[in-house]
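[1] could you look at this predicted model? Sequence included:
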Amino acid sequence: MRKFVALALIQLMFVAACGGGGGYGGGGGSPPPPPPPMQTIATPGPPNVETLTVDAGPANGVNQPFVSVKVCAPATTNCKTIDHVWLDSGSSGLRILASVLSAAPALTLPPETNGVIPLAECQKFVDGSTWGTLAVADMQLPVSGETASNLNVQVIGDPTYPVPADCTPPIETTVMTFGANGILGVGPFIQDCGSACVSTVIAGTYYSCPTPGSACTGTMASLAQQVQNPVSVFVTDNNGVIVELPSVGSAGMTTVSGSVVFGIGTRTNNALGTATVLPADKTNAFITATYKGTVYINGYVDSGSTGNFFTDSSFSACASPNAGFYCPASTMNETATLKGTSSSTLTANFSVANATTLFATTSYSAFSNLGGPISDPKALDLGLPFYYGHNVFTAIENANTPGGIGPYFAY
């Protein structure tokens, strides 16, 4: 199945600092460069700009960009607006926690079926899996007014069916374990599994569930049955997204306000401008990243990752409970070179500070210098810290844009 990029989900637990601060080291020995000049962040509102907010969210997290989503039973006015839905440019599909849908005023959505039998899904993320039934909904983004009708969505944690044995743990079925009320995957693919699931049963992915309370059985899923990227269903502005967030200083911030702009080159507010396009491979949407002389073939840029994640044995890992992050003795400034499937390249500058020191300021939830190790030795993941001060484009597969056919990244 396709590579699903990354929720480096954490539950913040604040402890005393484990190392010094200040100073510069690593890639250049000089302060990080200023944010790109003349960054313009589009004003939220119709027809294609949604408010994007980074705050602690319902689970006291960090570097999580949230939108609100209005979900309706199809072709009805029976609707519910859900806040703190995680915007993830590295996955596809709308997924809402069952407990959020059932909270007053409750919203019931009709099941998605293979014609007769209800379908369910185990969706794998880096930190765990979501399990739940599939349903059909109409979706509206309340600020921009963008809509998607008859959208297949996942209801995370629906208790109707037991979790299958081949759904990889840990299973995240609550707001606290998942870290948000839901997730809106606006990444480079139209479906969350694609052609791989159409003709083959992929273990631990799609299931048919004929009897409530009984075990579900792995099944194939046609493209029309799969959970799909809502942006691809928009009538217009459906070829990609731009995540636009202002710069964040080295100490961090309590909240950050920005925008997510739908469409690339479809309106005056979403032109590529001077951004450089990095075409991604069509199977996994990977680009190549070179860091300290090592080439990482599984490179990507992902708003759903809470840090910049990469392999560097010179960095000290934090002690528990922050073991998923780096804790260098002083802030390190690093540089990677990104290359798409074409000859184009971009420089990516980033810094890494001591995560435990950062987390000691309990009111802050946005950090531009958070980094950590990654389990894939071939990967380099530029997460939300890299987005601060950049306007980052993600083009959807097979979509026509002024920068070429997706998938690609650009900034």
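    Thanks, I have the structure now. Numbering: from 1, shown residues only.

[2] okay, which residue is most central for this structure?
    Of all residues in the chain, the one closest to the mean position by Cα atoms, centre = their mean is Asp88, 2.1 Å from it.

[3] skipping its backbone neighbours, what lies nearest that one in space?
    Leaving out its chain neighbours, the residue that sits closest to Asp88 by Cβ to Cβ, 6 or more residues apart in numbering is Gly304, at 3.3 Å. C-betas here are computed from N, CA, C, even on glycine.

[4] I'd say the one you found and Arg95 touch.
    No. Using Cβ atoms under 8 Å, Gly304 is not in contact with Arg95; the gap is 11.8 Å.

[5] those two: which is more packed in?
    Neighbours were counted for Gly304 and for Arg95 using other Cβ atoms under 10 Å; Gly304 has more, 29 against 26.

[6] what pLDDT does the model give that one?
    At Gly304, the pLDDT value in this model is 97.

[7] could you look up the SS state of it?
    With DSSP: H, G, I helix; E, B strand; the rest coil as the basis, Gly304 sits in coil.

[8] give me phi/psi at it?
    phi -80, psi 0 (degrees, to the nearest 10).

[9] now it: how far from Glu112?
    Gly304 is 23 Å from Glu112, where distance means Cβ to Cβ, to the nearest Å.

[10] which elements pack onto the longest strand along the chain?
    Across the chain, the longest stretch assigned as strand under DSSP state E is strand 128-140. Contact here means 3 or more Cβ pairs under 8 Å, 6 or more residues apart in numbering; DSSP states H and E; on that basis strand 128-140 packs against strand 65-72, strand 92-97, strand 119-125, strand 147-156.

[11] looking at it, Leu119 is touching Ser208, isn't it?
    Yes. Between Leu119 and Ser208 a contact is recorded at 6.2 Å, counting by Cβ under 8 Å.

[12] who has more neighbours, those two?
    Comparing Leu119 with Ser208 by neighbour count (other Cβ under 10 Å), the higher total belongs to Leu119, at 23 against 17.

[13] and the more buried one, what does it touch?
    With contact set as Cβ atoms under 8 Å, 6 or more residues apart in numbering, Leu119 has these partners: Pro111, Glu112, Thr113, Thr133, Leu134, Tyr206, Tyr207, Ser208, Cys209, Thr219, Ala221, Gln225.

[14] all helices of the chain, in order?
    Ranges of helices in the chain, per DSSP state H, are 98-102, 175-178, 196-199, 355-359, 384-387.

[15] could you identify which of those helices is most buried?
    Of all these, helix 384-387 has the most neighbours on average by mean count of other Cβ atoms under 10 Å, namely a mean of 27.

[16] where does pLDDT dip in this structure?
    1-37 (pLDDT under 70).

[17] still on that earlier bit, as TSV, the contacts of Leu119 with distance to Met176 would be great.
    Output for the contacts of Leu119, formatted as TSV (distance: Cβ to Cβ, whole Å):
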residue	distance to Met176
Pro111	26
Glu112	26
Thr113	31
Thr133	21
Leu134	23
Tyr206	26
Tyr207	25
Ser208	30
Cys209	26
Thr219	30
Ala221	29
Gln225	30
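
[18] can you flag the buried ones in those residues?
    Neighbour counting with 16 or more other Cβ atoms under 10 Å marks Pro111, Glu112, Thr133, Leu134, Tyr206, Tyr207, Ser208, Cys209, Thr219, Ala221, Gln225 as buried within those.

[19] just the CA trace of stretch 304-318, in CSV.
    Only the C-alpha atoms of stretch 304-318 are listed here, as CSV (Å, rounded to 0.1, in the frame of the first residue of the first chain):
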residue,chain,number,x,y,z
GLY,A,304,0.9,16.1,9.9
SER,A,305,4.4,15.6,11.4
THR,A,306,5.0,17.5,14.6
GLY,A,307,8.7,17.8,14.1
ASN,A,308,11.5,17.5,11.5
PHE,A,309,12.4,13.8,11.7
PHE,A,310,15.7,12.5,10.3
THR,A,311,18.7,10.3,11.2
ASP,A,312,21.7,11.9,12.8
SER,A,313,23.8,9.9,15.3
SER,A,314,25.5,13.1,16.5
PHE,A,315,22.3,14.3,18.1
SER,A,316,21.4,13.2,21.6
ALA,A,317,17.9,11.7,22.0
CYS,A,318,15.8,13.1,24.8
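
[20] tell me the contacts of Ser363?
    Contacts of Ser363 by Cβ under 8 Å, 6+ apart are Thr254.

[21] try 10 Å
    Counting by Cβ atoms under 10 Å, 6 or more residues apart in numbering, Ser363 touches Ala56, Gly252, Met253, Thr254, Thr255.

[22] could you do Gly273 as well?
    By Cβ under 10 Å, 6+ apart, the neighbours of Gly273 are Met38, Thr40, Gly265, Asn391, Phe393, Pro402, Ala410.

[23] which among those end up buried?
    Buried, going by 16+ other Cβ under 10 Å: Gly265, Asn391, Phe393, Ala410, out of the contacts of Gly273.

[24] okay if I get those as CSV plus distance to Thr361?
    As requested, the buried ones among the contacts of Gly273 are arranged in CSV below (distance: Cβ to Cβ, whole Å):
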residue, distance to Thr361
Gly265, 40
Asn391, 27
Phe393, 32
Ala410, 33
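
[25] about what we covered before: shared neighbours, Leu119 and Ser208?
    Thr113, Cys216, Thr219, Ala221.

[26] how about CSV for the residues you listed, with distance to Thr51 added?
    Listed next are the shared contacts of Leu119 and Ser208 as CSV, based on distance: Cβ to Cβ, whole Å:
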residue, distance to Thr51
Thr113, 35
Cys216, 37
Thr219, 38
Ala221, 33
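
[27] looking at it, Gly383 is touching Val243, isn't it?
    No. Between Gly383 and Val243 there is no contact under Cβ atoms under 10 Å: 11.4 Å.

[28] any residues in contact with both of the two?
    Residues touching both Gly383 and Val243 by Cβ under 10 Å, 6+ apart: Val301, Ser303.

[29] which one's more surrounded, those two?
    Higher neighbour count among Gly383 and Val243: Gly383, with 26 against 23, using other Cβ under 10 Å.

[30] which one is that one nearest to, not counting chain neighbours?
    Excluding its sequence neighbours, the residue lying closest to Gly383 (Cβ to Cβ, 6+ apart) is Ser305, at 2.9 Å.
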